[in-house]
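Enquirer: here are the coordinates; sequence isn't available:
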């Protein structure tokens, strides 16, 4: 099991954001990797449909990667849209997981939420 922490870095511009991501083993070893991740606003809006915030989307993307590879295998610096080059299912599964995540949040606070589906 790992812990993923996402921190916002200075935006590259109005349409490109940058994040620092730390992935730490929760087994007490303290083993950690650090990553610099870029994300285009247009890509974020396309895949997440704005259902969750950008930081949560980055975190969900890392959770997706960690289901498929060890934290040490994840590139140290990349743009999120590069994930689809290695894992073509990323955009489909990422969109579905985002919608499921949003639905769970809505249910936990007992409100009716709508998606663009």
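Expert: Now that the structure is in, tell me what you want to look at. As the structure is a prediction and not an experimental result, all values here were calculated from the model.
Enquirer: from now on I want contacts and neighbour counts done on CA atoms only, so please keep to that.
Expert: OK.
Enquirer: so what pLDDT did the residue nearest to residue 15 when sequence neighbours are not counted get?
Expert: The shortest distance from residue 15 to any residue other than its chain neighbours is 5.0 Å, reached at residue 41 (CA to CA, 6 or more residues apart in numbering). In this prediction, residue 41 carries a pLDDT score of 91.
Enquirer: what does residue 74 show for phi and psi?
Expert: As for residue 74, its main-chain torsions (degrees, to the nearest 10) stand at phi -70, psi 130.
Enquirer: contacting residues around it?
Expert: Contact criterion CA atoms under 8 Å, 6 or more residues apart in numbering gives residue 65 as the residues in contact with residue 74.
Enquirer: over to residue 37?
Expert: Residues in contact with residue 37 (CA under 8 Å, 6+ apart) are 18, 19, 20, 21, 77, 78, 79, 80.
Enquirer: show me the helices in this protein, by range?
Expert: 41-48, 54-66, 83-86, 90-108 (DSSP state H).
Enquirer: low pLDDT regions in the protein?
Expert: Low-confidence segments of the chain (pLDDT under 70): 93-117.
Enquirer: can you tell me the centre-most residue of it?
Expert: Here the mean C-alpha position of the chain is nearest to the C-alpha of residue 58 (CA atoms, centre = their mean), at a distance of 2.4 Å.
Enquirer: right, and it touches residue 6 too?
Expert: Yes: taking CA atoms under 8 Å as the definition, residue 58 is a contact partner of residue 6 at 7.3 Å.
Enquirer: with adjacent residues omitted, what lies nearest to residue 16?
Expert: Counting by CA to CA, 6+ apart, residue 40 is the residue found nearest to residue 16 once chain neighbours are left out, at 4.4 Å.
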